[in-house]
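*Asks:* only geometry, no sequence info:
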């Protein structure tokens, strides 16, 4: 950590963002609420701002940077592929795409045997919803309260929080939300018109709420019994984040459709839906994506998955996550209501609004993010060191003790 990382209290925002921040502020859409920080470089679990100050990055691109920023193997794969072929639509076969699809099926939970490639988590959810309706001929989708599945119209219809939904209503019909971890509510909601149930194994945006294994397995059983498909959204939890390669492996789940994105390609935009036999073979012209499965993203994904396996990052996340949770639970502060999480997906629920404390952490050289109004969320790269996590814990202790 650079010594200057914490020396920013009271510095004017205009000086922090400089000319690049001012330029972006002038032309940006306004959709994003931005912090006064211009990030220009990253390596491992750290990023640097335009003034050369270092930060421990527990935002991690909202869970994208599992293998760390600019991992050398991912960088090399991107450079090599960019010199060969960058784009190739799925109307043709491609070597990198074929290799990636085979690798994803090899690594996947049992029963998932085919792959649809796209560009983001929301696109993966959109595709899964469409595939479920197409395969079953039914319109209904059951989702969970406090769940988050994306901001495109179909994914937003499955998402719960009103601040995301209300500006764009009316949304798609046929969506029902039930309490999370409530098997009885699922039993009542899944009927003859239900195409699919979509659930997260850990609700990320919803507050880092860990799913109950018995309830998740019951959801899968009910889907099988009633002719619906079981969709597991692992956009944020996939590729080692929770201490297993996929979070559904904690509970022995075998989803019909598995939605992936974020960490899949080491920082390059990519999403995927892994497809099981209950979906059936999808007809041509039913769906598509111009950039989905482009060779550049596929090469990056292959490199990232090699890193995840070679460096045993799921096991690392399990071990460091247990350490991190234990240390955070030792933080003495009347502001803390609960510390919870799975692997290196960790949340601290506070008794007050979280935003001022995130800003105070940034002043001390630690970047974290919110999960709802009162939960501080940590999604560090899985390559983070124990010493860096100790620095994060000390910063949390400082900001929650003032």
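*Replies:* Great, that's in hand. All of these numbers come straight from a predicted model, not from anything done at the bench. Numbers count the residues shown, from 1 in each chain.

*Asks:* ok, the closest residue to residue 133 other than its chain neighbours - contacts?
*Replies:* In space, and not counting its chain neighbours, residue 133 is closest to residue 195: 4.9 Å by Cβ to Cβ, 6 or more residues apart in numbering. Just so you know, the C-beta spots here come from the backbone N, C-alpha and C atoms, and that holds for glycine as well. With contacts defined as Cβ atoms under 8 Å, 6 or more residues apart in numbering, residue 195 is in contact with 129, 132-133, 135-136, 138-141, 174, 228-229.

*Asks:* and what of residue 385?
*Replies:* By Cβ under 8 Å, 6+ apart, the residues touching residue 385 are residue 45.

*Asks:* Do a quick rundown of the helices in the stretch 151-300 of the chain.
*Replies:* For the stretch 151-300 of the chain, applying DSSP state H, counting those that start in this stretch gives helices covering 153-158, 162-165, 183-189, 213-226, 295-310.

*Asks:* Mind listing residues that contact the first one?
*Replies:* Helix 153-158 is touched from outside by 121-122, 125-126, 129-130, 141, 143, 147, 149-150, 164-165, 168, 171-172, 175, 198, with contacts defined as Cβ under 8 Å, 6+ apart.

*Asks:* Next: the shortest one.
*Replies:* Contacts of helix 162-165 with the rest of the structure, by Cβ under 8 Å, 6+ apart, involve 148, 151, 156, 159, 171.

*Asks:* Let's see that with 6 Å instead.
*Replies:* Taking contacts as Cβ atoms under 6 Å, 6 or more residues apart in numbering, no residue outside helix 162-165 touches it.

*Asks:* Go ahead and confirm residue 291 touches residue 119.
*Replies:* Yes: between residue 291 and residue 119 there is a contact at 5.4 Å, judged by Cβ atoms under 6 Å.

*Asks:* So between these two, which is more surrounded?
*Replies:* residue 119 (21 against 16; other Cβ atoms under 10 Å).

*Asks:* how close does the more buried one get to residue 294?
*Replies:* Separation of residue 119 from residue 294 (Cβ to Cβ, to the nearest Å) stands at 9 Å.

*Asks:* which residues touch residue 139?
*Replies:* Going by Cβ under 6 Å, 6+ apart, residue 139 touches residue 174.

*Asks:* related to what we said a few turns ago, would you tell me which of the helices of the stretch 151-300 of the chain gets closest to residue 258?
*Replies:* helix 213-226 (12.1 Å; Cβ to Cβ).

*Asks:* same question for that closest one, mean pLDDT?
*Replies:* Average pLDDT, helix 213-226: 98.

*Asks:* Return the list of helices and strands in contact with it.
*Replies:* Here helix 213-226 touches helix 183-189, going by 3 or more Cβ pairs under 6 Å, 6 or more residues apart in numbering; DSSP states H and E.

*Asks:* so residue 189 touches residue 176, yeah?
*Replies:* Yes: assessed by Cβ under 6 Å, residue 189 is found in contact with residue 176 at 5.3 Å.

*Asks:* shared neighbours, these two?
*Replies:* Contacts common to residue 189 and residue 176, judged by Cβ under 6 Å, 6+ apart, are residue 142.

*Asks:* So for residue 91, which of the helices of the stretch 151-300 of the chain sits nearest?
*Replies:* Closest of the helices of the stretch 151-300 of the chain to residue 91 is helix 295-310, at 13.9 Å (criterion: Cβ to Cβ).

*Asks:* ok, and what's touching the helix or strand hosting residue 142?
*Replies:* According to DSSP states H and E, residue 142 maps onto strand 140-144. Under the contact criterion Cβ under 6 Å, 6+ apart, strand 140-144 has outside partners 158, 174-177, 180, 189-190, 193-199.

*Asks:* Just the buried ones from those?
*Replies:* Among the contacts of strand 140-144, those classed as buried by neighbour count (16 or more other Cβ atoms under 10 Å) are 158, 174-177, 180, 189-190, 194-199.

*Asks:* now, among these, which is nearest to residue 265?
*Replies:* Once Cβ to Cβ is applied, the member of these that ends up nearest residue 265 is residue 198, at 22.7 Å.

*Asks:* Bridged to the closest one, which residues?
*Replies:* Residue 198 has these beta-bridge partners by DSSP bridges: residue 231.

*Asks:* Pretty sure residue 229 is one of the things it touches, is it not?
*Replies:* No: the pair residue 198 and residue 229 does not pass the contact test of Cβ under 6 Å, sitting 9.2 Å apart.

*Asks:* Spit out the contact partners of residue 238.
*Replies:* 246, 260.

*Asks:* can you do 7 Å?
*Replies:* The contact partners of residue 238, taken as Cβ atoms under 7 Å, 6 or more residues apart in numbering, are 246, 260, 263.

*Asks:* coming back round to it: which among the contacts of residue 195 end up buried?
*Replies:* The neighbour count (16+ other Cβ under 10 Å) marks 129, 132-133, 135-136, 138, 140-141, 174, 228-229 as buried among those.

*Asks:* What segments of the stretch 1-150 of the chain are helices?
*Replies:* Applying DSSP H, counting those that start in this stretch to the stretch 1-150 of the chain gives helices spanning 13-27, 60-63, 72-82, 95-107, 121-136.

*Asks:* Make a markdown table out of the ones you listed and add distance to residue 355.
*Replies:* Putting those into a markdown table (distance: least, Cβ to Cβ, whole Å) gives the following:
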| stretch | distance to residue 355 |
| --- | --- |
| helix 13-27 | 15 |
| helix 60-63 | 16 |
| helix 72-82 | 32 |
| helix 95-107 | 37 |
| helix 121-136 | 24 |
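
*Asks:* which one of those lies closest to residue 395?
*Replies:* helix 60-63 (16.2 Å).

*Asks:* so how far is that closest one off the chain centroid?
*Replies:* 7 Å (Cα atoms, centre = their mean, to the nearest Å).

*Asks:* If anything else comes up later, I'll come back, but that's it for now.
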